[in-house]
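> this is the structure alone, sequence omitted:
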């Protein structure tokens with residue numbers, strides 16, 4: 001049995017912790033935040049991620065909080081169908097659905113399956129040192145802990161990765177994204193259908209049902225510069241103006257949204273590392289590693305799909 005320290009109590013960190021606990025290892029998860037709040041928007045767990053959750057004994061618990069997604073439609077801004085994908089045959093053969101789910105519900109479910117005391121809050125990672133017997137992990141408050149191995153699951157701006165691979169830094173993808181999860185009961189949208197619309201001037205809008213009548217939507221605009229001050233000031237009314245000529249249900253979903261529900265991020269990604277694999281998890285006492293991260297760290301039109309960190313290695 002080994003003693004693992006995991007930095008970050010997000011989806012990747014909690015999934016890794018669950019897998020290690022099931023194998024009989026000692027696991028401690030250290031999270032910088034003082035509390036785990038219901039933050040974030042929606043994610044889509046691919047059928048392969050759902051299969052991984054089955055291996056972790058979490059499939060049924062997670063499935064209960066989401067909405068299976070079987071159809072994915074790509075349209076232009078006038079609502080003309082460009083491509084339709086029906087995943088039913090694939091997911092039936094695999095035995096698992098694609099699932100839309102609120103990130104907070106997924107995180108809450110993963111956390112509930114860990115032994116009490118596994119996650120320690122308010123522990124901001126500072127640095128690590130490799131030792132003859134493992135890894136010494138230092139925190140910003142001056143405390144340190146010894147572990148056999150260290151896993152970095154602390155996001156796109158990972159401090160673990162920054163020390164391990166200082167030349168690997170997030171790069172801006174050239175566009176920015178707003179996201180929200182809204183109550184859309186009254187729109188009577190299909191519970192199993194997601195849509196993505198490509199419009200003129202690089203405008204993109206997509207939505208996914210995430211269970212309980214809620215819908216996760218994302219809206220992307222091109223921006224030559226990251227952290228664009230004009231876009232930083234955008235509110236729902238500004239997005240309604242940007243996407244006013246898009247087909248239904250885009251205007252209707254924006255009309256369901258309050259300003260305080262908006263989450264705004266530039267889209268970033270990472271160049272593939274020549275040193276460590278970009279998928280799966282490798283770690284040892286002398287070679288800590290960052291886990292691949294979903295969400296705004298993944299570069300694609302959907303503004304973040306939460307499948308990578310839940311997938312098995314190999």
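Happy to help now that I have it. In this text the structure is predicted, and so the values were computed from the model without any measurement.
> helices of the stretch 201-314 of the chain, residue ranges please.
229-232, 236-242, 250-255 (DSSP state H, counting those that start in this stretch).
> buried residues in the first one?
For helix 229-232, the buried set under the neighbour-count rule, 16 or more other Cβ atoms under 10 Å, comprises residue 231. Glycine gets a C-beta too; all of them are placed from N, C-alpha and C.
> what does it rub up against?
Here helix 229-232 makes contact (Cβ atoms under 8 Å, 6 or more residues apart in numbering) with 176, 221, 223, 264.
> ok, the last one next?
With contacts defined as Cβ under 8 Å, 6+ apart, helix 250-255 is touched by 182, 184, 187, 197, 205, 207, 215, 217, 219, 236, 239-240, 243-244.
> could you do stretch 93-108 as well?
9-11, 14, 36, 38-48, 50-51, 54, 59, 62-63, 65-70, 87, 91, 181, 194, 208-211, 214, 216, 295, 306.
> so residue 152 makes contact with residue 168?
No: Residue 152 is not in contact with residue 168 according to Cβ atoms under 8 Å; the separation is 11.8 Å.
> what's the pLDDT at residue 35?
For residue 35, the pLDDT comes out at 89.
> number of nearby residues for it?
7 (other Cβ atoms under 10 Å).
> any idea how far it lies from residue 121?
Going from residue 35 to residue 121 by Cβ to Cβ, to the nearest Å gives 6 Å.
> please convert the buried members of the contacts of helix 250-255 into ChimeraX selection syntax.
In ChimeraX, this line selects whichever of these come out buried by 16+ other Cβ under 10 Å:
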select :182,184,187,197,205,207,215,217,219,236,239,243
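> picking that back up, so of the contacts of stretch 93-108, which ones are in strands?
Secondary structure from DSSP state E places 42-45, 67-69, 181, 194, 208-211, 214, 216 of these in strands.
> spell out which residues are contacts of both of residue 152 and residue 168.
residue 161.
> more neighbours: those two, which one.
Higher neighbour count among residue 152 and residue 168: residue 152, with 27 against 18, using other Cβ under 10 Å.
> thinking again about what came up before, output the contacts of helix 250-255 as CSV; include the columns pLDDT and distance to residue 255.
As requested, the contacts of helix 250-255 are exported to CSV (pLDDT from 0 to 100; distance: Cβ to Cβ, whole Å):
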residue, pLDDT, distance to residue 255
182, 97, 9
184, 96, 10
187, 96, 10
197, 98, 16
205, 98, 13
207, 98, 13
215, 97, 12
217, 98, 11
219, 98, 13
236, 98, 8
239, 98, 11
240, 98, 7
243, 98, 11
244, 98, 11
